[in-house]
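**Q** Sequence plus predicted model, see below.
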Amino acid sequence: MPTVTYVAYDGSETIVNGFAGDSVMETAVRNGVPGIVAECGGSLSCATCHVFVCADSAGLFPPRADLEDDMLDGTAVDREESSRLSCQLKLTDDVAVHVQTPETQV
């Protein structure tokens with residue numbers, strides 16, 4: 001079973017179990033994790049599920065596609081090299097993912 005550690009802007013951590021095939025965003029929403037708004041519900045039409053993927057998890061996901069890269073230009077907090085939309089980060093069996101949420105999503 002995959003686990004996701006969400007590190008909030010204030011440094012607090014929320015660790016939840018996820019399901020293979022679900023996204024980091026879906027896992028956050030299902031578990032009431034603060035810091036993930038997900039206005040579009042994962043349809044890749046907003047940037048309110050912006051996260052920074054921690055270095056230890058960077059290799060767990062494929063590179064950003066062009067549309068995700070374009071959407072990251074609309075984040076409320078400046079994007080960084082590690083910026084991803086959590087709706088595009090699919091979990092696989094037995095991974096431990098670490099992401100940080102920005103100060104705000106809107």
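**A** Perfect, I can see it now. Numbers count the residues shown, from 1 in each chain.

**Q** Please tell me I have it right and Ala65 contacts Leu85.
**A** No. The criterion here is C-beta atoms under 8 Å, and Ala65 misses it with Leu85 at 10.0 Å. Using the backbone N, CA and C atoms, a C-beta is placed for each residue, glycine as well.

**Q** Please say which of these two ends up with more neighbours.
**A** Leu85 (27 against 12; other C-beta atoms under 10 Å).

**Q** Val53: neighbouring residues, count only.
**A** For Val53, using other C-beta under 10 Å, the count is 22.

**Q** for it, phi and psi?
**A** phi -80, psi 120 (degrees, to the nearest 10).

**Q** Check what pLDDT the spatially most central residue of the chain gets.
**A** The centroid of the chain falls nearest to Ser86 when counting by C-alpha atoms, centre = their mean (2.7 Å). If you check Ser86, the pLDDT there is 98.

**Q** Also Asp69?
**A** Reported pLDDT for Asp69: 97.

**Q** Surely it forms part of a helix?
**A** Yes. Judged by DSSP: H, G, I helix; E, B strand; the rest coil, Asp69 forms part of a helix.

**Q** picking up where we left off before, isn't the residue nearest to the centre of the chain up against Val33?
**A** No. Using C-beta under 8 Å, Ser86 makes no contact with Val33, being 9.8 Å away.

**Q** ranges for the strands of this structure?
**A** 3-7, 13-17, 50-53, 83-85, 96-100 (DSSP state E).

**Q** Turn the ones you listed into TSV, including distance to Gly59.
**A** Shown next, in TSV, are the strands of the chain (distance: least, C-beta to C-beta, whole Å):
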stretch	distance to Gly59
strand 3-7	16
strand 13-17	20
strand 50-53	10
strand 83-85	13
strand 96-100	11
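
**Q** Noted, bye for now.
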